[in-house]
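Visitor: below are the sequence and a predicted model; questions follow.
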Amino acid sequence: MQLPNALPIAQGVRLWPQALNPAQQSELLEVVLSTTAQAPFLRPTMPRTGTPFTVTQTNFGTLGWVSDAQGYRYQAHHPVTGQPWPPIPSLLLRLWHAALPDAPDPHCCLVNHYRDGARMGLHQDRDETALDVPVLSISLGADALFRLGGTSRKSPTQSLKLRSGDLLVFGGAARLAFHGIDRILAGSSDLVPGGGRINLTLRRV
Ligand code: SIN
Ligand code: FE2
């Protein structure tokens with residue numbers, strides 16, 4: 001898989017708009033949804049408060065990211081089924097190596113499912129020790145307003161529209177950049193059955 005030149009968004013942040021064409025988006029969505037049959041989506045809760053997330057999540061890979069009353073962490077098993085997470089599908093590994101030719105294989109693909117109205121508060125991806133390896137984020141389905149800040153919560157932020165088929169990498173100076181999803185643009189895509197958006201975040205842990 002060959003990717004064209006990426007658009008520079010900020011230091012350490014690159015975007016490949018529509019890296020996947022509609023047929024490739026459908027193929028990837030089908031692979032993702034069929035793989036979730038072995039690891040069903042669940043609704044995580046916030047540490048301490050127990051507030052449910054507005055997204056549902058699952059993982060592929062040797063390690064999955066989970067959040068519950070005990071905190072944020074990576075673990076090898078699905079918290080409900082107790083089974084190991086399914087392996088990261090080869091199509092996703094090919095996208096990872098196309099975007100990040102020098103990076104070793106990712107351990108985790110977090111799958112976020114946003115229904116209309118779901119969002120993700122501003123946060124850093126900082127539960128990994130491999131902070132030298134960038135994060136790859138792949139968008140499928142409805143458009144999303146992504147907010148990107150700096151490494152301090154007070155840093156100025158910019159808003160970026162992520163569309164189905166977009167690939168976004170953040171690493172280097174931006175590996176610990178604050179980011180989140182302000183909202184999903186309801187009705188902007190009918191790719192995901194029932195509407196909404198699926199985001200795939202691949203990381204080395
Ligand atoms: C995340 O930061 O975990 C998700 C970002 C996105 O949905 O684009
Ligand atoms: Fe994140």
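Guide: The structure has been received and is ready for your questions. Ligands and ions are numbered 1, 2, ... in the order given.

Visitor: show me what counts as buried in the longest helix along the chain.
Guide: The longest helix of the chain (DSSP state H) is helix 22-35. For helix 22-35, burial by neighbour count (16 or more other C-beta atoms under 10 Å) applies to 25, 28-29, 32-33, 35. Backbone N, C-alpha and C define where each C-beta goes, glycine included.

Visitor: same question for stretch 127-140.
Guide: For stretch 127-140, burial by neighbour count (16+ other C-beta under 10 Å) applies to 127-128, 133-140.

Visitor: now flag whichever of those residues is closest to ligand 1.
Guide: Ser137 (5.1 Å; C-beta to the nearest ligand atom).

Visitor: pLDDT value on the nearest residue to the closest one once chain neighbours are set aside, please?
Guide: Counting by C-beta to C-beta, 6 or more residues apart in numbering, Ser137 lies nearest to Leu168, which is 4.5 Å off, once chain neighbours are set aside. The score at Leu168 is 98. That number is its pLDDT.

Visitor: equivalent analysis for Ala76, please.
Guide: As predicted, Ala76 sits at a pLDDT of 98.

Visitor: below-threshold pLDDT in this structure: ranges please.
Guide: For the chain, applying pLDDT under 70 flags no range at all.

Visitor: could you say which helix or strand holds the residue of it found nearest ligand 1?
Guide: Nearest residue of the chain to ligand 1 (C-beta to the nearest ligand atom) works out as Asn199 at 3.3 Å. Using DSSP states H and E, Asn199 maps to strand 197-203.

Visitor: what does Thr58 give?
Guide: With DSSP H and E as the test, Thr58 turns up in strand 56-61.

Visitor: remind me what that strand packs against, helices and strands.
Guide: For strand 56-61, the elements it packs on are strand 64-68, strand 108-114, judged by 3 or more C-beta pairs under 8 Å, 6 or more residues apart in numbering; DSSP states H and E.
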